[in-house]
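*Asks:* 3D model of this:
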Amino acid sequence: MLTTALAQTARAFAGSDTGVTHAVGHLLEYYDPAGKFSGATFLEVKTYDDYSITAADLWAVSTLSMTVPPDAGRALMAAGPLSTIIRGELQHLPVTLPLSEATPAHLDHMLCLYEAIRTMLPPLGKNPETNQWVLSSKICARKRPLLFPVRDSKVCIYLAKNKRMGGKSDQLGWFSRDIQVFAHLITDPLVCAQLREVREQLNKAQRTWSFDWCDLRLLDAVLWMQAMRTNDQ
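*Replies:* Numbering: from 1, shown residues only. Below you'll find the predicted structure:
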């Protein structure tokens with residue numbers, strides 16, 4: 001699985017060529033302040049509380065094509081069992097801690113945070129199973145962008161070389177497995193070098209634009225843009 005994910009990540013950076021021009025082109029679309037993608041807007045939403053879910057967080061995740069119904073928003077923000085668990089788990093996850101330095105204890109708290117949001121929210125929309133885990137993933141990534149990747153079905157399927165999500169050894173879509181894959185990617189020397197080169201080229205191409213300062217978020221964007229274009233073909 002790790003070998004497959006690395007190969008797919010290499011394709012997301014280079015396309016059919018060498019270098020990172022392919023990924024840079026995708027990211028210039030994604031972070032265009034006047035474009036149709038969420039990169040610039042998501043970055044502009046300030047964080048007002050590192051240890052609880054606020055209206056700003058829900059607005060931020062809504063820019064990632066996620067609808068948050070009123071009852072789900074209340075469960076996340078109002079005093080109650082879910083918000084208490086969220087605050088408690090976030091206190092065990094330092095804001096500045098990257099995924100590459102997470103200990104087994106941190107990973108346990110990451111799983112507890114993710115599972116609490118996924119299982120304790122009211123049903124969402126017409127496809128509650130998909131919406132539930134995607135919303136949980138995006139909220140976790142919003143609160144701790146150095147630790148949680150923005151996981152969705154497009155990226156999971158792409159990293160598994162277009163295999164459906166599930167529990168088999170060559171499939172993604174399970175939190176513990178996905179986190180291991182992203183931890184492997186974000187610490188791979190070649191991926192790290194490609195991220196540095198991408199960032200340099202983006203800053204040269206558009207000096208006044210804002211780009212994600214967090215490598216994990218930048219990798220998220222590279223993979224999502226490639227997955228979206230691959231899945232649409």
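*Asks:* Quick check: the gap between the spatially most central residue of the chain and residue 86.
*Replies:* The centroid of the chain falls nearest to residue 150 when counting by CA atoms, centre = their mean (1.3 Å). As judged by CB to CB, to the nearest Å, residue 150 and residue 86 stand 18 Å apart. In short, each C-beta sits where N, CA and C put it, glycine included.
*Asks:* next one: residue 112
*Replies:* With CB to CB as the criterion, residue 112 and residue 86 are 10 Å apart.
*Asks:* Between those two, point out the one with more neighbours.
*Replies:* Neighbour count, other CB atoms under 10 Å: between residue 112 and residue 86, residue 86 has more, with 24 against 16.
*Asks:* tell me the contacts of the more buried one?
*Replies:* By CB atoms under 8 Å, 6 or more residues apart in numbering, residue 86 lies in contact with 52-53, 76, 113, 116-117.
*Asks:* swap the cut-off to 7 Å and go again
*Replies:* 52-53, 113, 116 (CB atoms under 7 Å, 6 or more residues apart in numbering).
*Asks:* Filter those residues down to the ones in helices?
*Replies:* Using DSSP state H, the members of these that fall within helices are 113, 116.
*Asks:* Any chance of the contacts of residue 86 in a markdown table with pLDDT as columns?
*Replies:* Converted to a markdown table, the contacts of residue 86 look like this (pLDDT from 0 to 100):
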| residue | pLDDT |
| --- | --- |
| 52 | 96 |
| 53 | 96 |
| 113 | 97 |
| 116 | 96 |
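*Asks:* And for residue 50, nearest residue in space, chain neighbours not counted?
*Replies:* The shortest distance from residue 50 to any non-neighbouring residue, by CB to CB, 6 or more residues apart in numbering, is to residue 95 (5.3 Å).
*Asks:* residue contacts, residue 144?
*Replies:* Contact partners of residue 144, counting by CB under 7 Å, 6+ apart, are 93, 95.
*Asks:* so where is the chain shaky, pLDDT-wise?
*Replies:* Scanning the chain with the threshold set as pLDDT under 70 gives 125-130, 231-233.
*Asks:* quick one: the helices in it?
*Replies:* Along the chain, counting by DSSP H, helices occupy 2-14, 21-30, 39-44, 55-62, 70-77, 81-90, 104-120, 128-143, 153-159, 175-187, 189-205, 215-232.
*Asks:* With only the CA atoms kept, save the third one in PDB.
*Replies:* What follows is helix 39-44 as a C-alpha-only set of coordinates in PDB (Å, rounded to 0.1, in the frame of the first residue of the first chain):
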ATOM      1  CA  GLY A  39      -7.700  27.100  -1.500                       C
ATOM      2  CA  ALA A  40      -7.600  30.900  -1.100                       C
ATOM      3  CA  THR A  41     -10.900  31.100   0.800                       C
ATOM      4  CA  PHE A  42     -10.100  28.300   3.200                       C
ATOM      5  CA  LEU A  43      -6.800  30.100   4.100                       C
ATOM      6  CA  GLU A  44      -8.600  33.400   4.800                       C
END
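*Asks:* quick one: residue 64 and residue 45, what's the gap?
*Replies:* As judged by CB to CB, residue 64 and residue 45 stand 11 Å apart.
*Asks:* And the two? Which one has more around it.
*Replies:* Neighbours of residue 64 and residue 45, each counted by other CB under 10 Å, are more numerous for residue 64; the result is 21 against 17.
*Asks:* right, and residue 40 touches residue 28 too?
*Replies:* No. Using CB atoms under 7 Å, residue 40 makes no contact with residue 28, being 11.1 Å away.
*Asks:* I'd like to check which residues are in contact with residue 223.
*Replies:* 9, 12, 155, 158-159.
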